[in-house]
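Engineer: Here's a sequence, model it:
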Amino acid sequence: MASREEDIPSIVQIPRRVSREELTHLIPLEWITNYERMQEERRPIGILDLLLAVP
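Structural biologist: Okay, here's the model as predicted:
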């Protein structure tokens with residue numbers, strides 16, 4: 001995360017086994033919910049996309 005107030009916050013690496021509660025202490029909740037929405041909204045557009053879509 002950013003070390004100074006004027007720096008843009010960024011995260012280099014987060015361990016996979018971090019609880020949601022711990023994660024909200026590190027990352028703003030809005031970032032988490034935006035990421036979750038982005039993952040949910042992955043829907044194929046057409047027949048070819050349906051055949052090539054990876055869950």
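Engineer: quick one, what contacts residue 13?
Structural biologist: Applying CB atoms under 8 Å, 6 or more residues apart in numbering to residue 13 gives no contacts. For glycine as for every other residue, the C-beta is placed from the backbone atoms N, C-alpha and C.
Engineer: any idea how far it lies from residue 26?
Structural biologist: Separation of residue 13 from residue 26 (CB to CB, to the nearest Å): 11 Å.
Engineer: Now name the helix or strand holding residue 8.
Structural biologist: Using DSSP states H and E, residue 8 sits in no helix or strand.
Engineer: now swap in the one 10 residues further on and tell me
Structural biologist: Under DSSP H and E, no helix or strand contains residue 18.
Engineer: how deep is it tucked in, by neighbour count?
Structural biologist: Residue 18 has 13 neighbours, counted by other CB atoms under 10 Å.
Engineer: Quick check: closest non-adjacent residue to it.
Structural biologist: Closest residue in space to residue 18, ignoring its immediate chain neighbours: residue 26 at 7.6 Å, by CB to CB, 6 or more residues apart in numbering.
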